[in-house]
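In: Need coordinates for the below:
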Amino acid sequence: MSMDADTKVRPDTDTRPDTRHDDGDRERYAHYVQKEKITESAVTGSPVIALCGKVWVPNRDPKKYPVCPECKDIYAEMTK
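Out: Next up is the predicted model:
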């Protein structure tokens, strides 16, 4: 493959979404995500994005955790 002499590529630049598990409080909560996105993730293994911005692949029972306060507040604002 030939590259133009003016083209520069930064090898440390990653444009893929960050799907690593967050450290901290967001791991302790159940998050609000569109139901069809949860189903899609279960089939494809693709990550989902919660209302609060957390990105992860769901793999635990959300009923065992309290609801994320940030997701709850955003949802309340959306349904006013």
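
In: I'd like to know how far the closest residue to Gly45 other than its chain neighbours sits from Glu27.
Out: Take Gly45 and drop its neighbours on the chain: the residue closest to it by Cβ to Cβ, 6 or more residues apart in numbering is Val57, 6.2 Å away. All C-beta spots, glycine's among them, are computed from the backbone N, C-alpha and C. Between Val57 and Glu27 the distance, using Cβ to Cβ, to the nearest Å, works out to 13 Å.

In: In this structure, where is pLDDT below threshold?
Out: Using pLDDT under 70 as the threshold, the predicted model of the chain has low-confidence ranges 1-26.

In: can you give me the helices in it?
Out: Counting by DSSP state H, the chain has these helices, from start to end: 35-44, 69-78.

In: so what's Pro58 up against?
Out: Pro58 makes contact with 33, 38, 41-42, 48 under the criterion Cβ atoms under 8 Å, 6 or more residues apart in numbering.

In: rerun that using 10 Å as the cut-off
Out: Taking Cβ atoms under 10 Å, 6 or more residues apart in numbering as the criterion, Pro58 is in contact with 30-31, 33, 37-38, 41-42, 47-48, 50.

In: Narrow these to just the buried residues.
Out: The neighbour-count criterion (16 or more other Cβ atoms under 10 Å) marks 30-31, 33, 41, 47-48, 50 among the contacts of Pro58 as buried.
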